[in-house]
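1. Sequence first, predicted model second:
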Amino acid sequence: MIIKPMIRNNICLNAHPEGCRKEVRLQAARVMNFRERLSKSSINDSSAKPNHALIIGCSTGYGLASRLVAAFGYGAETVGFSYEKEPSATKPATPGWYANKEFDRLAQEKGLFAASFSQIDAFSHTAKQKAIEIALENKFKYDLVIYSLASSVRVDPDTGVLYRSVIKPIGRQYAGRTIDIFTEKFSEASVQPATEEEITQTIKVMGGEDWQLWIDALKKKDLLAPEALTLAYSYIGPPFSWPIYRDGTIGQAKLHLEETAKLLEKNYGKDNGLRSFVSINKAVVTRASAVIPIIPLYISTLFKVMKERNIHEDCLDQMMRLFSERLYQKRGTGIPTDEKGRIRIDDLEMGPSVQNEISSRLARIDESNLHELADVKGFRSDFLRAHGFDVPGVDYERDIVSFE
């Protein structure tokens, strides 16, 4: 079968097996080049580094990038969880299924321990027990725990209740311009305000409750190394996006995430020196970002401006900078944060000159000057690559005989 991307309403419904595998290898190669560029003092015994990393939500985006940097940049043994659909006789798997398989294969080639679990719900008690079993069997403790789950639903492991997250404003309707990244047509999008129940459910899915359950479970079994580091990822963005994002349902969940980071450090910081952070990352293309009103247009414009200034970063660039310039500097060097205790690697995106230029372009952008002012092609390519399409070196006309 010749596999072509199946796109509907800015959502890709399939994946290309070979492309997904190739993309992981390309990213791993970039990380290994990054490691070579690091000075010897940055990763030798006098410097902090991860040794045993647990990545919850490891298969795509920032989670996959984090795992690649931990393993192939710093030599860490890694355990990863993400829930994926397996391939069938007629359909390919989800992109993350192929990414996890390829990560494990590449880690084995490099002599690194890696264990990926693609069929266990990361929200479940079963996932936490599996992470505990792996650590006990291999006689290690986790010194890095990254929480990077991005899911629209969560089943409470104790009650069995299913919760659903929504991307909605709070208090009033949101209306804004958006763009179809494939037809390049502009349209007006409007979203009705969330109900109190929708706000509550979004926090249950995307807030810090499950993150805390993970840390509690590991701490109970004494599987957090002294001065272990845990962090979750978030986004703030420019003020004009706040009604649909930071001030909306997602923003409420992210605030809960930040509160959880403080609570974790309060609960366990004195015991064994646990350090807990939320890292505010740059806007990048993910499987979800294409469907949030205004975000595709904003990110496309952001890409154009940052590429013109040679400061553009994708997920992997961000994680390489997070690890080398924030988390793992020389021993004794504190992790820099903002006034609210958050790590900021959205600093280049949120620089005043970058944001001023984006605002100017968004005020005058239309279909006639779209490619002059924004990088829709770049957005589209990143979106397709997340599903194994548009990956350099892959023959997309070759017949795929197996979806394994």
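-> Looks like it came in fine. Treat the numbers as computed from the prediction; the structure is a model and nothing was measured.
2. which residues touch Pro95?
-> Ala15, Cys20, Ser59, Thr60, Arg287, Ala386, His387, Gly388 (C-beta atoms under 8 Å, 6 or more residues apart in numbering). Backbone N, C-alpha and C define where each C-beta goes, glycine included.
3. Let me see the ranges of the helices in this protein.
-> Taking DSSP state H, the helices of the chain run over residues 17-37, 40-43, 61-68, 74, 95-109, 125-138, 196-206, 209-220, 249-272, 295-308, 315-322, 352-364, 370-373, 376-385.
4. Can you say which of those is nearest to Ser402?
-> helix 17-37 (7.9 Å; C-beta to C-beta).
5. And the closest one, what's buried?
-> Residues of helix 17-37 classed as buried by neighbour count (16 or more other C-beta atoms under 10 Å): 17-24, 27-28, 30-31, 34-35.
6. now swap in stretch 151-162 and tell me
-> Those would be Ser151, Arg154, Pro157, for stretch 151-162 by 16+ other C-beta under 10 Å.
7. If I follow the layout properly, the second one ends up in contact with Tyr163?
-> Yes. Counting by C-beta atoms under 8 Å, Arg154 sits close enough to Tyr163 to count as a contact (5.1 Å).
8. Okay, and which of the buried residues of stretch 151-162 map to strands?
-> Among the buried residues of stretch 151-162, DSSP state E puts Arg154 in strands.
9. Same list, the buried residues of stretch 151-162, but as TSV with pLDDT and distance to Ser82 please.
-> Shown next, in TSV, are the buried residues of stretch 151-162 (pLDDT from 0 to 100; distance: C-beta to C-beta, whole Å):
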residue	pLDDT	distance to Ser82
Ser151	89	9
Arg154	97	14
Pro157	95	17
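10. Which one of the buried residues of stretch 151-162 is nearest to Leu327?
-> Using C-beta to C-beta, these come closest to Leu327 at Ser151, 24.7 Å.
11. show me what contacts the closest one?
-> Tyr83, Phe123, Ser165, Val205, Met206.
12. Next one: it relative to Ser59, how far apart?
-> Counting by C-beta to C-beta, to the nearest Å, the gap from Ser151 to Ser59 is 12 Å.
13. and what of Asn281?
-> Asn281 is 17 Å from Ser59, by C-beta to C-beta.
14. on that earlier part again, among the helices of the chain, which gets the worst mean confidence?
-> For the helices of the chain, mean pLDDT drops lowest on helix 40-43, to a mean of 53.
15. related to what we said a few turns ago, deepest-packed of the helices of the chain, please.
-> helix 61-68 (a mean of 27; mean count of other C-beta atoms under 10 Å).
16. tilt between that one and helix 95-109?
-> Helix 61-68 and helix 95-109 are oriented at 10 degrees to each other (axes from the mean of the first three to the mean of the last three C-alpha atoms, to 10 degrees).
17. And for helix 61-68, what's in contact with it?
-> By C-beta under 8 Å, 6+ apart, helix 61-68 touches 24, 27-28, 31, 53, 55-58, 78, 80, 82, 96, 99, 103, 146, 148-150, 233, 281, 284, 286-287, 315-316, 318-319, 322, 386.
18. try stretch 152-165
-> 121, 123-125, 151, 201-202, 204-206, 210, 213, 249-250, 253.
19. buried set for the longest strand anywhere in the chain?
-> When the chain is parsed with DSSP E, its longest strand is strand 224-234. The neighbour-count check on strand 224-234 (16+ other C-beta under 10 Å) flags Leu224, Ala225, Ala228, Leu229, Thr230, Leu231, Ala232, Tyr233, Ser234 as buried.
20. Looking at the contacts of Ser151, which is nearest Gln192?
-> Ser165 (15.7 Å).
21. Counting neighbours, what do you get for that closest one?
-> 22 (other C-beta atoms under 10 Å).
22. tally of neighbours for Pro392?
-> That count, for Pro392 with other C-beta under 10 Å as the rule, works out to 9.
23. May I ask you to confirm that it is in contact with Gln27?
-> No. The criterion here is C-beta under 8 Å, and Pro392 misses it with Gln27 at 12.0 Å.
24. returning to what we had before: Throw the buried residues of stretch 151-162 into JSON lines and include distance to Asn9, thanks.
-> Shown next, in JSON lines, are those (distance: C-beta to C-beta, whole Å):
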{"residue": "Ser151", "distance to Asn9": "19"}
{"residue": "Arg154", "distance to Asn9": "23"}
{"residue": "Pro157", "distance to Asn9": "32"}
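25. ok, of the buried residues of stretch 151-162, which one's closest to Lys377?
-> Ser151 (29.3 Å).
26. quick one: Val191 and Lys168 touch, right?
-> Yes. The pair Val191 / Lys168 is scored as a contact, 5.5 Å apart, by C-beta under 8 Å.
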